[in-house]
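Engineer: Fold the following and give me the result.
(5 chains, ligands or ions: 4)
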Amino acid sequence: MENHEKLLAVKGITKEFHIGGVFTGATLTAVHEAHFDMEADKPEIFTLAGESGSGKSTLARLILHDLEPTQGSIVYEGHDVTTIKRRKELMQFMQKVQPIFQNPFEAFNPLKKVDRYLYATAMNFGVVKSRKNADEVVDNALKSVGLSLQEVRGRYPHELSGGQLQRIAVARALISQPRLLIADEPVSMVDASLRMSIVNLFKDLKDTHGVSVIYITHDLATAYYISDRIAIMLRGNIVEMGHVEQVLSEPLHPYTKLLKESVPEPTTKERWREKIQFSTFEVKEFARVGCKFTGRCPCVMDICHKEDPKDYVVDGRMVKCYLYAEK
Amino acid sequence: MGVLNVKELKAYYKTDIYGVSRTVQAVDGISLEIHENEIFGIAGESSCGKTTLIKALSGTIRPPLTVMGGEVVYNFEDRSVNILSLRPDELRKISWEKISYILQGSMSVLNPVRKIHKTFYDFFEAHRKIENQQDFMKQMRDHLGKLGLPADVLKSYPHQLSGGMRQRVTIALATIFKPNVIIADEPTTALDVVVQRGVLQLLREIQQEQKNTVILVTHDMAVHANIADRVGIMYAGRIVEDAQVDDIFENPIHPYTKHLINSLPMIGDKSYKGSIPGAPPNLADPPKGCRFHPRCPYVMGICREEVPPMVNVESERGPRRVACFQISKEGDNGKS
Amino acid sequence: MVNIIKDLYQHDTRFRFAFIFILAILVLSTLSFFSPYDPSTSFKVPIDASPSLQYPFGTNSRGQDIFWMMTFAVRNSLLFGVLTALLSRIISIFVGLTAGYKGGLTDRILMSINDSFVVMPVLPILILINFILRENLNLISLSITMACFGWAWDARLIRSQVLSLKEREFTRTAVYSGMGTLHITFREHLPFVMPIVFATTINNMLWSIGLEVTLAVLGLSDTNTPTIGTTIYWANQHQALIAGIWWWIAAPIVVSTFLFLGLYLLFASLNVYIDPRTRLLRIGG
Amino acid sequence: GLEVAPDVPRNETLILENPTGRVRNPDNFNRWAPGMDGYSNGLQQLALDTLWYIDPDAGIDGVWDNALAAEKPIYNKDFTQMTVKLRKGIYWSDGVEFTADDVVYTVETLKANPSMMNGGSFKVFVDKVYKTDDYTVVFELTKPHSRFHGLFTVRWSATFIMPKHVFEKEADPVAFKFNPPVSLGAYVLKDYDKAGGWFLWQRREDWQRTSVAKFGMPGPKYALYIDPGPSDQRVIAQINHNLDVIHDIAPEGMITLAKRNPTSRGWFKGFPWAHPDPTLPAIILNNERPPLNNKDVRWALTLTIDIVPVAMASYRGAATISAIHVPPTGMYPQLYFDPLQEWLKNFTLDIDGEKFAPYDPDAPLRIANEARASLGDQVPTDPAEIKKALGSGWWQYAPEMAEKLLLKQGLTRDSNGKWLLPDGTPWKIRIIVEGPTRPIMTRGAEMIAEQWRSFGIDAQTEVANDIWTTRLPLGDFDAAMAWCIETWGGHPDLFWFLESWHSEYYRPEGERVVFKNIMRYKNENIDKIIEELRSLDFDDPRCLELGKEYIKTCVEDMPIIPIMSYNVFTVCDEYYWEGFPTAENPYTNPVPNWANTKYMFPMIKPKAVK
Amino acid sequence: MKYRFLKYLLQRVGQCILVIFVGITITFIIPRLVPTNPVEVAIARVSAAGQHTAPEAVEEIRRALIELYGLEGSIWQQYLSFWGRLFRADLGPSYSSFPTPVIELIKVALPWTAGLLLASAVIAWVIGNFIGGVAGYFSTRRWARGLSVFAMAIRPIPYYIMAFVLLILFAYLVPVFPLSGALGIGIHPSFTLRFLTSMLKHAFLPALSLVIVGAGGWILGMESLVSNIVAEDYVVYAKTAGVSDSKLLSRYVIRNALLPQVTGLALQIGLIFNGALITEYVFSYPGLGYLAYNAIFSADYSLIIGIAIFSIVGVALAVLIVDLTYPLFDPRIQYR
Ligand SMILES: Nc1ncnc2c1ncn2[C@@H]1O[C@H](COP(=O)(O)OP(=O)(O)OP(=O)(O)O)[C@@H](O)[C@H]1O
Ligand SMILES: Nc1ncnc2c1ncn2[C@@H]1O[C@H](COP(=O)(O)OP(=O)(O)OP(=O)(O)O)[C@@H](O)[C@H]1O
Ligand SMILES: [Mg+2]
Ligand SMILES: [Mg+2]
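Structural biologist: Ligands and ions are numbered 1, 2, ... in the order given. Predicted coordinates for the structure are as follows:
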């Protein structure tokens, strides 16, 4: 396989949900013509950020082949994965792209021992032939997340801490030697004191194993801390995308600004002063014509109500806002 | 004398199932003084006993939770009560009018099949007589108006409101009687940053307007930094440090607090942030001595044997206490 | 296993009662193997004797010792109930798990069938089927037909539980661990569904044994096999209640009350025992 | 006083059970229409009438009664013509006089509509029917038929006469509901339940213009036929004096009534209480299915029945047993049973060259002894009385003999003692019974199955519903506890049921039998008997002799195993009324669905209630 | 909203039709597996009433019947004509009351069954849920446990026995209610006091037996539902806020627990049909059950099929109605 081929190319992917019914009811565009690429030769951590209900998880599930897109395609290593039908192909794809979920306590069946998932992954993806050989593979995976098989073997999820569980989840995902991890809010349920250990783990994986990560969060602080690039989502649209330092240090889109301002800073020096606006009914915002942010935007213009803004490139990053149309 | 004095409170979960008995020492010897007109933050990792402490403070002790000792005394204008020794009807009288609660999970806290105004009615009517339905509705609309909430939420069902809205409704609900003390347990966990900010803002405003005391529990240190006046750090069922919020963030003393503060990421800061090694102890079988000692980089012999006492530490910003032998020994040394 | 029973017995009053009741019933049905009388014979003892030391449950108008008859009746009714419950559980678990997990067209087809069975009036259908089976009608064939009609509602319950299990993250973990549909439904989801399965088992047994009584009263059951239902049938044939032979009717009622109370209590306590929440507490989570 | 219904005093009302239960199409009173089930509700007993009645018992005035007819039927020599003289002065309840026109109209209408009651028979047998005057009707028959009058002679029911002036106004006599019915009997319909639960009849003001008038005024002003519910309720209802005539209950119900309600009265004053119906419950064997097509096998089955437990199981001893192929009821003990006793005692079977006399005249005594164990003194001790109540005798229980018979026929026993057919397959017999509908026979058959089982045959009962519609007439059974022998009871002639046993009517299994040859039996001797009967007049004394011939043939051949009469526990409550028919005064059948019960009404009188 | 409802309506009606379709198809198939030829049954009926039907006459009747039953042609043709007749509300003639149409028989019986069943199902539901709710809410009290043990104990009593024992008790030993039937003799349906009292008196015992048995199930079901609901946050929260027990019980606990029970009610009607057969048999109540009972004993397939079809349609419609009205009870369901 050519090296400079893209690892992942998301091309105009759109996902519509019907809420209501077949004849009537509303269509909610949870993801609207998203596109971005990830390079194959340069592993990176790519963050998807946005408030609740902005379509991050939907996009993640689309990439994971967990949902079928309404439109657009997702090309993984040159293959369009949205058209996969056969189980064999699906298994091949799943081997390369693995998820990490939000709630470590939920990620494993509470009635089953945790190690079963590790062995299952090793066996089902053909990493090993028999359970005997699996021990080593599993142990190695656990070691790469700072645990060992000894600590994990035979234990139930409730016997392990959230941080441990999340690390086991990562270890499980690593067993099939994937090239892309998709982590949907992997630390939002993990204690602040353990949070950094998981986040650091991703950084580690990228550096030492060459694994790319799509990191989904609304915690801009950790996003800033680990990621290389960031995309800000607003009601299904990627409204700003670029290098994380650039986007978060000087946000351009009013929405990015709002997001940034809402993040509580862990210091008493800059306490919040002025009030912020936030949305009352998210479905209403989805249904808006034009820019979805008009209801809350301090710099709203007439044109914003009429038509979707285009992608504008400003200083090497993408912004979807009429404020930057002339440039 | 603060509005709330907690003395040597011990509350354990005692379970006995199929012959396996367990005692979870979820709150183990906590003393606290909380003042009028302040926001007191309680921080700590998951399952360190925050919710249990709140349960004890609010007097909602139900098996398997049992109070093993200590007292929780509220000092209101007219009288002082130990909430743990009240009869149920007395407790019912002061709860909500004097002490009210905001819980996490606004969806589950409101009756899903009851319109909001009915819930307001139920809660109000449990304490005051309602003479006139119209007057009552007007009163509630005013109340919501003051909190910047649209009056038509009263006519909605909980599921028709967004998460942030619901959480704000529960705040309005908790403040209808302008209670002296508002206890909020993780009111913003699971909300996204934008909504979280709105909710906290509202809480702050109410506090400033009604001049009451807010006890705010959250594990998010950044939230405390932005809203609390004073913060108590809990670790494994005990308070290890309590101080003015600036002291905590600028000059943490307890090794656990230090770790907590140092591990917080910030936008604009890409320097390496580690986390505390190890895991919090199992409260059913906590380590002897200082419960933090297995993870403490400064551990000493005594830490393994004895429980460090809470000692006062000088600070120009206000009262400050910490439970660490590093400090108490220094203090002892100073005294002698 | 023995330990579990011991634990439950020591620490759960409900289980203690359940244990005693069910043990009594089991002992009673086991005694059938030692019966001095063949249940298909009659006039071996004096007729219409009221309960006494010699005939603890009395004798009936057919000259049978009701105690020994009940040992057979209980055994057969119990086997019948268990078999029906077992068979219908198999169907409902399969349909419920598959429909819930697969979703989409599979779900819609299965649920349409399911809803039709929910709505179907069982009794008239059983009567019709009864006409077909005729001399092939015995407890086994009856049990199979009843199982065909007794699964639908429970399948729906199971499905609704699976719908929420499907959304839980561990299911997706299982999917991305490469587990197949069968594996996920039967290995991952089934344990969660077991409490429902247990709870519906008792309902199903109640239903099937009760329906057998109904059919027996109408003479549509296999009257040659002693069951709780056919005991009542024969008592009716002799107008036992009106003739004052109350013990003939009382015996099946008392025994079935014991049986059901025992089963009910057993499942109530097992439900708590296997509920993941208490289970965690028990194993020390 | 008490009222049973608004303005209907209890003490002027006789309340009877309608044994068909709830009438499904209560609005239909067209007795001639197919499928109508509302006739035992008083319609055929009180409102309809026909030419002749034969009583199953002794009768008020002899067994034969000329009801609408003035005299007995008059046949020509070769039985191709029957002339009927009608009674004068009989009026329909709407005031129109009953005449020959009604009779002619009835026959012509039924002939034209074969689906109506007996329509098929009229179509086949009647060539022409006409009146010669208003009171004389002549039937020209298509072929000789010496029992043609049977169609108009009530034994439980018969072809009733239609009111021409009512029916002729209707376009379709089949669809016509005949509601309210115009009555030819002593009562008219006063009110009825649209749900079919009850029917209230009122005595006609002009009751004297009906055929029963000659026996006096019917006692009850009102007659109420009700569906009293399942048998337990009937017992309760009578104890509460809310049901004067119970049609049937289980023997235990009877025993309860005897204990609880001193005014309850059965046919016999005490044990065995029940009225024996002139039908003969028997083990009907399918004579087409091997090995049941073998006479020795049938006899072997007979000898493995011990009648005493059967009588105990079914009737608690209150059974009137019968060893021969006519019911032991009505006039038959005198007509057939007594004269044949000697022959029966001398009757022998030839078993392996040995003579074996199977008859056992003492069976009734043994039954009485058994019954006495649970019923005590109520059971008579006098042998004559026992014989009257329980019958004359039965066959011995002789399994050893049976075994020999079977072995001779090539059947064998396996190592467990179970019988195998000559081809080596296990011998299996299923006895079909009607379950809850007829508990008595179900109970008896269960006992017989048990006895056969203990003899090594895989025998079991099978409950089937409505065996009369398909299983029996189509031959879809091994054995059944049911009846295929029904007699007049009061008259020795057996032609009524026997004709259909003639081999010309024989149909193989799978085809519907004609009327009563349910066991699918063929016998030249029987054919001869039937043929001779055809040529004889109904009252010819030779008929009785031929009847005995028939019995002897059947005993030899045992096509079915006679068991007992169908004893019906018809219980009358002598609380408001007295004068019910009883064994001491057997003037008619008390069983309330029989049309013959019309004779009961003039005989019963109100009783002063304390 | 309106369109949504319409859409929901169409969808549900469609499903209901499908269910009826499948159900009726099954009832079409089963009797065809019965080895009995309906024509032969009918012939037996016609000739059983009389005495000796001439063989020629039988042939004539047979021809007429085959045509009447639509038994000619392939199974598909029969199936089509079966539906054709159904649409004309023609269920064919009853075999046992030939040629009375089945529909006529059902018409007479249906009102009684519908009245008795609906009334007793609803009463059982109301009583059972109320008792179950209260017992579940106060589950720690002694009397509540007593109640549930009682409910458990009556539940397994075979339905027949329950009905019969009631009958013996209240119509024989203490004869306060009539033994059988649906109305007194001489009383016809009309709007008079006499009719109403007679009807109620006669319906009392059958209804009572259905109610007792039905309520037992509801009590147990409701109890377990309630025991889950009392642990829900919104109940605990309202309780902490001092909302009274009575209000909690009625508006928070029972109200919410009833929702699943509403669906159960519709299905119960189907189940009750089983009970109705026995009730009506025991009390000789002139409804469909009694009709079915008669049909069984006269092997009247066409009548049984007719009753089965009515029962399928009835239950399917009941379920449909409950589904359609369900949103009235549960505001969360928005006709989705
Ligand atoms: N299966 C579905 N059916 C209908 N609507 C859906 C479905 N899944 C998601 N949505 C809607 O799509 C929108 C985007 O949802 P999504 O879960 O992708 O948001 P998110 O950014 O991940 O939010 P969060 O931060 O809360 O996880 C939401 O309004 C959600 O309600
Ligand atoms: N009902 C209970 N029975 C037994 N143990 C309990 C119970 N509730 C809580 N515990 C235990 O008590 C300890 C403290 O729990 P608590 O809920 O107070 O923690 P918390 O600090 O509020 O945690 P979180 O941040 O997760 O809300 C935990 O170890 C928990 O497992
Ligand atoms: Mg998400
Ligand atoms: Mg908590």
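Engineer: So which bits of the stretch 101-250 of chain E are right by chain D?
Structural biologist: For the stretch 101-250 of chain E, the residues in contact with chain D (Cβ under 8 Å from any Cβ of the partner chain) are E:104-105, E:108-109, E:112, E:164, E:167-168, E:171-172, E:175, E:179-189, E:194. The way it works is simple: take the backbone N, C-alpha and C, and place the C-beta from them, glycine included.
Engineer: can we see that at 6 Å?
Structural biologist: E:105, E:172, E:179-181, E:185-186 (Cβ under 6 Å from any Cβ of the partner chain).
Engineer: Kindly reformat these as TSV containing distance to residue D:124 and neighbour count.
Structural biologist: Below are these laid out as TSV (distance: Cβ to Cβ, whole Å; neighbours: other Cβ atoms under 10 Å in any protein chain shown):
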residue	distance to residue D:124	neighbour count
E:105	32	27
E:172	52	19
E:179	47	23
E:180	43	26
E:181	43	24
E:185	43	24
E:186	45	20
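Engineer: Can you tell me which of these lies closest to chain A?
Structural biologist: Closest approach to chain A among these (Cβ to the nearest Cβ): residue E:105, at 42.1 Å.
Engineer: other SSEs contacting the helix or strand containing the closest one?
Structural biologist: According to DSSP states H and E, residue E:105 maps onto helix E:102-137. Here helix E:102-137 touches helix E:142-154, helix E:193-229, helix E:255-282, helix E:288-297, helix E:301-329, going by 3 or more Cβ pairs under 6 Å, 6 or more residues apart in numbering or on different chains; DSSP states H and E.
Engineer: Check the offset of it from the chain's centre.
Structural biologist: Offset of helix E:102-137 from its chain centre (Cα atoms, centre = their mean, to the nearest Å): 8 Å.
Engineer: Ok, stretch D:302-310 next?
Structural biologist: Relative to its chain's centre, stretch D:302-310 lies at 24 Å (Cα atoms, centre = their mean).
Engineer: Equivalent analysis for stretch D:533-542, please.
Structural biologist: Taking Cα atoms, centre = their mean, one finds the center of stretch D:533-542 at 22 Å from the center of the full chain.
Engineer: got it, and stretch B:241-260?
Structural biologist: When C-alpha coordinates are averaged (Cα atoms, centre = their mean), stretch B:241-260 and its chain have centres 17 Å apart.
Engineer: Would you mind giving the residues of the stretch 101-250 of chain E next to chain D as CSV with pLDDT and distance to ligand 2 added?
Structural biologist: Shown next, in CSV, are these (pLDDT from 0 to 100; distance: Cβ to the nearest ligand atom, whole Å):
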residue, pLDDT, distance to ligand 2
E:105, 87, 61
E:172, 85, 55
E:179, 84, 57
E:180, 84, 57
E:181, 85, 59
E:185, 87, 66
E:186, 86, 68
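Engineer: now, among those residues, which is nearest to chain D?
Structural biologist: Using Cβ to the nearest Cβ, residue E:186 is the member of those that sits closest to chain D, with 2.7 Å.
Engineer: give me the number of residues near the residue lying closest to that closest one once chain neighbours are set aside?
Structural biologist: Distances taken as Cβ to Cβ, 6 or more residues apart in numbering or on different chains place residue D:5 nearest to residue E:186, at 2.7 Å, with adjacent residues excluded. Residues lying near residue D:5 (other Cβ atoms under 10 Å in any protein chain shown) number 18.
Engineer: What about residue D:5? Give its phi and psi, please.
Structural biologist: Main-chain torsions, residue D:5, degrees, to the nearest 10: phi -150, psi 170.
Engineer: ok, now how distant is it from residue E:284?
Structural biologist: As judged by Cβ to Cβ, to the nearest Å, residue D:5 and residue E:284 stand 17 Å apart.
Engineer: Ok, residue A:219 next?
Structural biologist: Distance from residue A:219 to residue E:284, by Cβ to Cβ: 75 Å.
Engineer: go on, residue E:319?
Structural biologist: 30 Å.
Engineer: swap in residue D:283?
Structural biologist: 33 Å.
Engineer: Looking at those two, which one has more neighbours?
Structural biologist: The residue with more neighbours, out of residue D:283 and residue E:284, is residue D:283; 27 against 23, by other Cβ under 10 Å.
Engineer: How about the more buried one, nearest residue that isn't a chain neighbour?
Structural biologist: Residue D:283 sits nearest to residue D:561 (Cβ to Cβ, 6+ apart), 4.1 Å away.
Engineer: Residue D:130 - that's part of a helix, no?
Structural biologist: No - read with DSSP: H, G, I helix; E, B strand; the rest coil, residue D:130 is strand and lies in no helix.
Engineer: Which residue comes closest to it once chain neighbours are left out?
Structural biologist: Residue D:130 sits nearest to residue D:138 (Cβ to Cβ, 6+ apart), 5.8 Å away.
Engineer: Parallel or antiparallel, list what pairs with the host helix or strand of the one you found.
Structural biologist: Here residue D:138, judged by DSSP H and E, is contained in strand D:136-141. If you go by DSSP bridges, strand D:136-141 pairs up with strand D:81-85 (antiparallel), strand D:126-133 (antiparallel).
Engineer: Identify each buried residue in that strand, please.
Structural biologist: Using 16 or more other Cβ atoms under 10 Å in any protein chain shown as the test for burial, strand D:136-141 gives D:136-139, D:141.
Engineer: Which of the residues you listed sits closest to chain C?
Structural biologist: The shortest approach to chain C among the buried residues of strand D:136-141 belongs to residue D:141, at 42.1 Å (Cβ to the nearest Cβ).
Engineer: where in the stretch 101-250 of chain B is pLDDT low?
Structural biologist: Low-confidence segments of the stretch 101-250 of chain B (pLDDT under 70): B:105-107.
Engineer: Where does the nearest residue to residue C:71 once chain neighbours are set aside sit: helix, strand or coil?
Structural biologist: Nearest-residue entry for residue C:71: residue C:32, 3.8 Å, with adjacent residues in sequence omitted and distances by Cβ to Cβ, 6+ apart. Classification of residue C:32 using three-state DSSP returns helix.
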